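Student: could you look at this predicted model? Sequence included:
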Amino acid sequence: MTAKNTDTSYGNVAKVFHWGMFLLLVGMVIVGIYMHKLPSDTPEQMQYKMGLYNDHKSFGILILILVVLRLGWRMVNAVPKMPDTMSNLENLSAHAMHVLLYVIMFAQPLFGWLMSSYGGHTVKFFGLELPALADKDKAMGGFFHEAHEVTAMLLIVAFVIHAGAALFHHYVRKDDVMERMSLRPKKSE
């Protein structure tokens, strides 16, 4: 197995980006829903909730950094070719889904940072305070709160479609599309 992509498979770096970001994103969606529903009636509840929000922001910034690095890695590496059995429309759909996923992975944490900035809340990256992206503005804070929630829903829908397509290729088409991103070495290696 190599670090770089080949014509037939993604390399280790792309696979670690893919699966690592998948775990981070799933965790962020679950924690985001959980912390949003937490009560904040007592000082202890509020402290716990704010701690989760701060961790959520730190991991959101980490995702923003990783998606930029991941996109850079993708730009300097060959992308494995799609199977010849795929139509032009299927190739276009696969490409569009990848673009959509990158846009969402970039926009989601950026919208969160803007939501916090417009809301007058600090954003820290594991203790390091980051600059606000904007001055406090309640209306814009509300707008980016909604945008953050909408992109979370879009992320879930895009993930389901992406995973469904991979499973379709694996179980119906019986091609190697899903195997190319597998962390298990191919039998021939």
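Tutor: That came in fine, so what should we check first? The shown structure was predicted, so the numbers you read here are calculated from the model rather than taken from an experiment.
Student: and the most centrally placed residue in the chain, what helix or strand is that in?
Tutor: Nearest to the geometric centre of the chain sits M105, at 4.0 Å (Cα atoms, centre = their mean). Assigned by DSSP states H and E, M105 falls within helix 88-118.
Student: what comes up buried for that helix?
Tutor: 94, 100-101, 104-118 (16 or more other Cβ atoms under 10 Å). (Each C-beta comes from the backbone N, C-alpha and C, glycine too.)
Student: so what's the residue nearest to the centre of the chain closest to, chain neighbours aside?
Tutor: Computed as Cβ to Cβ, 6 or more residues apart in numbering, the closest residue to M105 that is not its neighbour in sequence is V67, at 4.4 Å.
Student: was I right about that neighbour contacting G20?
Tutor: No - with contacts defined as Cβ atoms under 8 Å, V67 does not count as touching G20, sitting 11.3 Å away.
Student: which one's more surrounded, these two?
Tutor: For V67 versus G20, the count of surrounding residues by other Cβ atoms under 10 Å is larger for V67: 23 against 13.
Student: where does the more buried one land on pLDDT?
Tutor: In the prediction, the pLDDT value recorded for V67 is 97.
Student: quick one: contacts for it?
Tutor: Contact partners of V67, counting by Cβ atoms under 8 Å, 6 or more residues apart in numbering, are 21, 102, 105-106, 109.
Student: any chance of those residues in JSON lines, with distance to M181 too?
Tutor: Written out in JSON lines, the entries for the contacts of V67 read as follows (distance: Cβ to Cβ, whole Å):
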{"residue": "M21", "distance to M181": "12"}
{"residue": "Y102", "distance to M181": "15"}
{"residue": "M105", "distance to M181": "16"}
{"residue": "F106", "distance to M181": "20"}
{"residue": "P109", "distance to M181": "23"}
